[in-house]
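> below is the sequence, then the predicted model.
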Amino acid sequence: MIQSPWHHHTRQTPSLPNNPTFKKSKPPNQIPTMEEGSHTIQVSGMQFSYDATSPIFFDFNLNVSPGSRCLLVGANGSGKTTLLRILAGKHMVGGRDVVRVLNRSAFHDTGLLCNGDLAYLGESWSKTVSSAGDLPLQGDFSAEHMIFGVEGVDPVRRDMLIELLDINLEWRMHKVSDGQRRRVQICMGLLHPYKVLLLDEVTVDLDVVARMDLLEFFREECEQRGATIVYATHIFDGLETWATDLVYVQDGTLRKSEKMAELNELNHNPNLLSVVESWLRSETKIEKKQPINSQSPLKTSSPFDASPFRSTRHMAYYR
């Protein structure tokens with residue numbers, strides 16, 4: 001068992017820019033600047049649907065610039081999680097040029113995830129990050145066992161994240177709260193410096209102090225290392241000045257993609273929650289129902305339907 005000075009400590013709220021833990025870090029490796037006019041994330045004419053269902057995305061286009069802190073908003077079922085999973089290479093959509101991250105195919109280039117350039121943290125990520133049976137990260141493991149089990153990690157960055165997220169390494173994962181378990185998950189997901197980070201409601205279980213400290217850390221990652229972050233959330237406190245860009249998706253359609261500074265609605269109402277609420281309330285809901293006497297042919301089952309080879313999921317989906 002690795003002994004660590006982090007076993008017992010009193011929670012402190014670090015002021016990140018002046019935190020001595022940060023001062024011990026080596027100068028971060030700046031992410032190489034991309035060519036003029038290029039984008040970290042490029043989606044061109046994307047179409048996607050699950051199996052034989054109606055398309056979720058049709059002719060969808062999106063560009064995200066390097067160093068952006070992009071806020072992804074939309075109602076439940078609008079396609080936010082699906083979009084993040086596609087960007088993370090977990091679903092195949094069209095050819096190699098349809099979805100590109102760091103000028104590489106998100107689905108076909110497995111090195112994006114394997115080398116840590118692309119990181120994805122979300123609800124489903126908690127189910128695939130470890131192999132602790134049907135309830136990952138809820139077995140009788142210590143937080144220290146989980147965190148120190150990640151290989152190839154800068155110990156300075158690891159110690160900084162442990163302090164930032166206020167993790168007690170003696171926590172037993174089957175006894176802690178959802179919020180404490182989420183902290184361990186986030187810590188493990190951030191141990192390797194990423195170039196692109198995709199976040200899907202990762203702060204939902206965190207208290208306000210942990211959430212604000214984590215957002216400040218993300219800001220520093222973008223400003224100091226040039227990382228790009230896409231963050232889907234329904235919690236908007238403090239995000240008016242945190243985000244640099246906003247993407248609004250409605251039923252798989254891109255409604256807005258603008259710089260926060262250029263968003264007219266915020267000039268009239270500086271409260272982002274109120275602005276997003278007004279958008280969602282104004283959405284027109286169109287129910288698509290099949291006629292009762294539909295003459296559509298019945299779908300016959302086939303042994304091939306159950307074949308794992310039919311899936312368009314990338315092997316990264318099962319990581």
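Done, it's in.

> show me the strands in the stretch 201-319 of the chain, by range?
228-232, 245-250, 253-259 (DSSP state E, counting those that start in this stretch).

> in the longest one, what counts as buried?
So that's strand 253-259. Leu254 (16 or more other Cβ atoms under 10 Å). For the C-beta atoms, the positions are set from N, CA and C on the backbone; glycine is no exception.

> if we can go back for a sec, how about CSV for the strands of the stretch 201-319 of the chain, with distance to Asp154 and mean pLDDT added?
Formatted as CSV, those follow (distance: least, Cβ to Cβ, whole Å; pLDDT from 0 to 100):
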stretch, distance to Asp154, mean pLDDT
strand 228-232, 20, 97
strand 245-250, 29, 96
strand 253-259, 33, 95
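
> adding distance to Gly149, write those strands out as a markdown table.
Listed next are the strands of the stretch 201-319 of the chain as a markdown table, based on distance: least, Cβ to Cβ, whole Å:
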| stretch | distance to Gly149 |
| --- | --- |
| strand 228-232 | 25 |
| strand 245-250 | 35 |
| strand 253-259 | 39 |
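
> just give the nearest non-adjacent residue to Ser65, would you?
Closest residue in space to Ser65, ignoring its immediate chain neighbours: His39 at 5.7 Å, by Cβ to Cβ, 6 or more residues apart in numbering.

> now do the contacts for the one you found.
By Cβ atoms under 8 Å, 6 or more residues apart in numbering, His39 lies in contact with Asn63, Val64, Ser65, Pro66.

> kindly recompute the last result at 10 Å.
Leu62, Asn63, Val64, Ser65, Pro66, Ser68, Arg100, Val101, Leu102, Asn103, Thr228 (Cβ atoms under 10 Å, 6 or more residues apart in numbering).

> what separates it from Asn267, distance-wise?
Applying Cβ to Cβ, to the nearest Å, the value for His39 to Asn267 is 26 Å.

> for Tyr194, same thing?
Separation of Tyr194 from Asn267 (Cβ to Cβ) stands at 33 Å.

> more neighbours: these two, which one.
Shown here are Tyr194 and Asn267; by other Cβ atoms under 10 Å, Tyr194 has more neighbours (22 against 9).

> what's the closest non-adjacent residue to that one?
Using Cβ to Cβ, 6+ apart, the closest residue to Tyr194 is Ala119 (4.1 Å).

> what's the first helix or strand after the stretch of helix or strand that neighbour belongs to?
Element membership of Ala119, judged by DSSP states H and E, is strand 118-121. Moving toward the C-terminus from strand 118-121, the next helix or strand (DSSP H and E) is helix 143-147.
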